[in-house]
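Asks: Turn this into a model:
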Amino acid sequence: MFKLFKSLLDALFPRLCPICGKPSDRPERTICWDCFSSIDLYRESLCERCGRFAEGEIKHAFTCSVCLSMPPLFDKARAAGRFSFELRDLVHQLKYGGATWLASDLADFLEGCVTAHFPSKKIDVVLPVPLHPLRLRERTYNQASLLAEELAKRLDRRFDNCSLIRIRQTETQTHFNAKERRKNMNGAFSVIRPEWIQKRTVLLVDDVMTTGSTFDACAYALKKAGARTVWAVALARGQ
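Replies: Numbers count the residues shown, from 1 in each chain. Down below sits the predicted model:
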């Protein structure tokens, strides 16, 4: 009955693609097939550790100079695509425009990224990068949590929105360089339920990754609490 009701609603009120404005031809999704397939996704030439994209075709495995000089605390990170054009606009709609219905569409990109770059069967628990309670109160929802919950369903893994918390409200990272970002995030996170984390492989989820300093600070707290492995995935990456 629920599926029938949804089909009826879709027929009466067609979902309009947020990119081109045309009715969506993807079942139970908002982004149409043409726009979905046009998103610039990462596929090759990625640092083995942090997923940083290197210009030019690099067929062999490599570690970028940033990871060699300042190794991250997470074990591996990847982003689905570049933080530009349509993907940037979609992230902004989800993050600032209240377009929470986009979480299902955007989780499609995350699911593909995880399937391509991680042995997903080894993941024990999926965690979002948390917001500070004051920021959460202002925004009313955490976009990373929406993405992580949807991704956990797709992977058939436990979603944990409680164990990792943000204990310090940090300044916006926009105008910081890599070293300043890492310093800004020091001590920002803590684990309040270590028994849910200990000896487990954790997948962290966020909407945007830039230098990886936020994932790094989360990984520090999670490994301090006993996590065996910390992987991280973001919807988009800004270089």
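Asks: Please point out which parts of the helix ranked longest in the chain sit buried.
Replies: Longest helix in the chain, counting residues (DSSP state H): helix 103-117. Using 16 or more other C-beta atoms under 10 Å as the burial criterion, the residues of helix 103-117 that qualify are Ala103, Ser104, Asp105, Leu106, Ala107, Asp108, Phe109, Leu110, Glu111, Cys113, Val114, His117. In this view, the C-beta of every residue, glycine as well, is placed from N, C-alpha and C.
Asks: Tell me which strands the helix or strand just after that helix pairs with, and in which orientation.
Replies: For helix 103-117, the succeeding helix or strand toward the C-terminus, using DSSP states H and E, is strand 125-128. Taking DSSP bridges as the criterion, strand 125-128 forms sheet pairs with strand 158-159 (parallel), strand 201-209 (parallel).
Asks: Next up, the contacts around Asn186.
Replies: Ala217 (C-beta atoms under 8 Å, 6 or more residues apart in numbering).
Asks: Closest to Gln143 out of the buried residues of helix 103-117?
Replies: Ala103 (7.7 Å; C-beta to C-beta).
Asks: so how far is Pro23 from Thr30?
Replies: To Pro23, Thr30 is 10 Å away according to C-beta to C-beta, to the nearest Å.
Asks: more neighbours, the two?
Replies: Taking other C-beta atoms under 10 Å, Thr30 and Pro23 do not tie; Thr30 has more neighbours (20 against 11).
Asks: so what's the more buried one scoring on pLDDT?
Replies: Thr30 carries a pLDDT value of 95.
Asks: what's around the closest residue to it other than its chain neighbours, how many residues?
Replies: Nearest residue to Thr30, sequence neighbours excluded (C-beta to C-beta, 6 or more residues apart in numbering): Arg15, at 4.8 Å. When counting by other C-beta under 10 Å, one arrives at 19 neighbours for Arg15.
Asks: Could you export the buried residues of helix 103-117 to a markdown table, including columns for pLDDT?
Replies: Formatted as a markdown table, the buried residues of helix 103-117 follow (pLDDT from 0 to 100):
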| residue | pLDDT |
| --- | --- |
| Ala103 | 96 |
| Ser104 | 95 |
| Asp105 | 97 |
| Leu106 | 97 |
| Ala107 | 97 |
| Asp108 | 97 |
| Phe109 | 97 |
| Leu110 | 98 |
| Glu111 | 98 |
| Cys113 | 97 |
| Val114 | 98 |
| His117 | 96 |
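Asks: ok, so of these, who is nearest Thr140?
Replies: Ala103 (14.4 Å).
Asks: And the helices in this protein?
Replies: Under DSSP H, the chain gives helices at 2-12, 33-38, 65-69, 85-96, 103-117, 133-139, 143-155, 178-185, 213-224.
Asks: Convert the C-alpha atoms of the fifth one to CSV, please.
Replies: Right, the one you point to is helix 103-117. Coordinates of each C-alpha in helix 103-117 appear next as CSV, following Å, rounded to 0.1, in the frame of the first residue of the first chain:
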residue,chain,number,x,y,z
ALA,A,103,20.1,12.4,1.0
SER,A,104,18.9,9.3,-0.9
ASP,A,105,20.3,10.6,-4.2
LEU,A,106,23.6,11.7,-2.7
ALA,A,107,23.9,8.4,-0.8
ASP,A,108,24.0,6.7,-4.2
PHE,A,109,27.4,8.4,-4.9
LEU,A,110,28.7,7.4,-1.4
GLU,A,111,27.6,3.8,-1.9
GLY,A,112,29.4,3.6,-5.2
CYS,A,113,32.5,5.1,-3.7
VAL,A,114,32.6,2.7,-0.7
THR,A,115,31.9,-0.3,-3.0
ALA,A,116,34.8,0.8,-5.3
HIS,A,117,37.4,1.6,-2.7
